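*Asks:* No letters, just coordinates:
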């Protein structure tokens, strides 16, 4: 019973740490975008889209190739996610006859293992869906970015509105890609949960520390000046 208590305390605590960090990160992205990598790259993507749409005849090929590279990256993650989902599904349906031989400090019941495998499966399925949405937005943007809007309309307001819409589409594709990648990050603590709640809790703490250094920046405050 004592081992199960660890699952009931450390696992929710580890998940709470992950959720609390991402809630704080979301607040920082919304309120202080220039102090986060996500915010800075979103601002610079808008600049990039505007520069690519200034002269479509010269920069159209470069823009499409760049977006195609992003599509390939999202496709790779989506393919990996659905492959791992299929593997987890096979493990769930194939039974867990050798559970006692694993080095596990925690709940060893069949129900506990089913919950762990199901959580990993859901994580990879969410990663797959998010990356599919990323491909969708990047595909739309690859067409929109080559529209000769200066020939269609002479109004500067229309030009800015079109460039803003395309930039928003590109940013949405990037946001979905980032969320899909986060789903892969979440799978590490869930995988270590198979070996017990202690490795899972420690991995959550280490992962949050690592993500902090990947998400936060203090060197690009000047970017907001031209936004």
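*Replies:* Now that the structure is in, tell me what you want to look at. Just so it is clear, the structure is predicted and the values come from calculations on it, not from any experiment.

*Asks:* can you tell me which residues contact residue 167?
*Replies:* Residue 167 is in contact with 45, 46, 49, 50, counting by C-beta atoms under 8 Å, 6 or more residues apart in numbering. Quick note: C-beta positions are derived from backbone N, CA and C, even for glycine.

*Asks:* just the strands in the protein please.
*Replies:* Read by DSSP state E, the chain holds no strands at all.

*Asks:* worst-scoring helix or strand of it, pLDDT-wise?
*Replies:* Within the chain, no helix or strand scores below helix 149-152, which has a mean of 67 by mean pLDDT, DSSP states H and E.

*Asks:* related to what we said a few turns ago, of all the contacts of residue 167, which two lie farthest apart?
*Replies:* 45 and 50 (9.8 Å; C-beta to C-beta).

*Asks:* Can you pull out the low-pLDDT segments for the chain?
*Replies:* Residues of the chain that meet the criterion pLDDT under 70 lie in 1-3, 94-108, 150-156, 158, 219-227.

*Asks:* any idea how far the residue most central in space within it lies from residue 62?
*Replies:* Centroid-nearest residue in the chain, with C-alpha atoms, centre = their mean: residue 179, separated by 2.1 Å. Using C-beta to C-beta, to the nearest Å, we find residue 179 at a distance of 27 Å from residue 62.

*Asks:* returning to that earlier point: I'd like the contacts of residue 167 laid out as CSV, including neighbour count and distance to residue 72.
*Replies:* Below are the contacts of residue 167 laid out as CSV (neighbours: other C-beta atoms under 10 Å; distance: C-beta to C-beta, whole Å):
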residue, neighbour count, distance to residue 72
45, 16, 18
46, 19, 23
49, 24, 19
50, 15, 24
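
*Asks:* State the number of residues packed around the nearest residue to residue 67 once chain neighbours are set aside.
*Replies:* Leaving out its chain neighbours, the residue that sits closest to residue 67 by C-beta to C-beta, 6 or more residues apart in numbering is residue 142, at 4.4 Å. Applying other C-beta atoms under 10 Å, we find 22 residues neighbouring residue 142.

*Asks:* I'd guessed residue 142 sits against residue 69; true?
*Replies:* No - at 10.8 Å, residue 142 and residue 69 do not qualify as touching, with contact defined as C-beta atoms under 8 Å.

*Asks:* that older thread, spatially nearest residue to the residue nearest to the centre of the chain, not counting backbone neighbours?
*Replies:* For residue 179, ignoring the flanking residues on the chain, the nearest one in space by C-beta to C-beta, 6+ apart is residue 130 at 4.7 Å.

*Asks:* try residue 164
*Replies:* Going by C-beta to C-beta, 6+ apart, residue 164 has residue 46 as its nearest residue, at 7.7 Å.

*Asks:* Kindly provide the distance from residue 204 to residue 186.
*Replies:* The value you get for residue 204 to residue 186, if C-beta to C-beta is used, is 9 Å.

*Asks:* Which parts of the protein are helices?
*Replies:* For the chain, the helices defined by DSSP state H occupy 2-31, 37-52, 56-93, 110-144, 149-152, 156-192, 197-215.

*Asks:* I'd like to know which elements the longest one is packed against.
*Replies:* Contact partners of helix 56-93 among helices and strands, from 3 or more C-beta pairs under 8 Å, 6 or more residues apart in numbering; DSSP states H and E: helix 37-52, helix 110-144, helix 156-192.
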